[in-house]
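[1] below is the sequence, then the predicted model.
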Amino acid sequence: MQARSFWLWGAVGAILFMPLLSIGAEPEVSTILDKALAARGGAKAPVLKAATWKEEGTYYGMGDAGLPYTATCAMQMPDKLRMEVSGVFTMVVDGDKGWQSAGDARAELSKEQLAAQQNLLYSVKVTAIHVLKMDKGFKIEKIDDLKVNDRPAYGLKVTLDKHPDIKLYFDKETFLVVQNEMRTYSAEQSKEVEQQELYSDYKDVDGRKQAGTITILHDGKKYVEFKITDFKPVDKLPEGTFTKD
């Protein structure tokens, strides 16, 4: 089972005024981003530096039946991640290094596996939205709208050199991110796939909106679905969190 965990919360930014959208008018990219920032917590939302959380879900990567799992996760922005799937494996990413252990077996992540996890951490940063307003290196363009869970959503495409393109979709009423799309590597299929992450069941956590349920599709097929519990933002995680066991 390839590790996936998702920490996509935290928004900063100041928006003292946002123009109302005219009925039927297509909003500009800047307006969508401003409203998305406000929806995630706006100027009062603390910057997400690190966090721990638990996952309970079902993994479908090896077939349609699905395997239930529980996991304990930790992340420190911008490039550290740890996921312990109970009774299965522990996976750690520490910048440009990564490894996975199962029982007594230990192995470095392959180049493709490590890149997939680095892409995941990049998508967390992008989905937090504030970096898109602060960093002028991003190219952001409007793309076709979409229906996500039968609700209309605005679409934006985010491009940055040496990173995968990411498509973000924002609910037209709440302006919360409801879908994220990018190409990434699948260890199960040993090839790149189109990955969709669907976010729902948002809750207020430490001054920001956090998705409580995440569903991931690979090439249109359900890959994993899980609920997030015990999400705890912190300034920094203990030394040794991202070292080899």
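    Okay, I see it.

[2] going forward, measure contacts between C-alpha atoms and count neighbours the same way
    Will do.

[3] buried ones in the least confident helix or strand in the chain by mean pLDDT?
    When each helix and strand of the chain is scored by mean pLDDT, DSSP states H and E, helix 130-134 comes last, with a mean of 82. Going by neighbour count (16 or more other CA atoms under 10 Å), the buried part of helix 130-134 is His130, Val131, Leu132.

[4] mind listing what the nearest residue to Thr215 once chain neighbours are set aside touches?
    Leaving aside its chain neighbours, Thr215 sits nearest to Glu225 (4.3 Å; criterion: CA to CA, 6 or more residues apart in numbering). When contacts are counted by CA atoms under 8 Å, 6 or more residues apart in numbering, Glu225 touches Gly57, Thr58, Tyr59, Thr213, Ile214, Thr215, Ile216.

[5] which two from the residues you listed end up farthest apart in space?
    Spanning the widest gap among the contacts of Glu225 are Tyr59 and Thr213, at 13.8 Å by CA to CA.

[6] where does the residue nearest in space to the middle of the chain land in three-state SS?
    Against the mean C-alpha coordinate of the chain, by CA atoms, centre = their mean, the closest residue is Val124 at 4.0 Å. Of the three states, Val124 takes helix under DSSP: H, G, I helix; E, B strand; the rest coil.

[7] chain neighbours aside, what residue packs nearest to Arg106?
    Leaving aside its chain neighbours, Arg106 sits nearest to Gln100 (6.0 Å; criterion: CA to CA, 6+ apart).

[8] mind listing what's buried along the helix or strand that contains Leu37?
    Leu37 is part of helix 29-40 when elements are defined by DSSP states H and E. Using 16+ other CA under 10 Å as the test for burial, helix 29-40 gives Val29, Ile32, Leu33, Asp34, Lys35, Ala36, Leu37, Ala38, Ala39, Arg40.

[9] dump those residues into CSV; add pLDDT as well.
    Conversion of those to CSV gives the following (pLDDT from 0 to 100):
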residue, pLDDT
Val29, 94
Ile32, 95
Leu33, 94
Asp34, 93
Lys35, 94
Ala36, 94
Leu37, 91
Ala38, 92
Ala39, 93
Arg40, 86
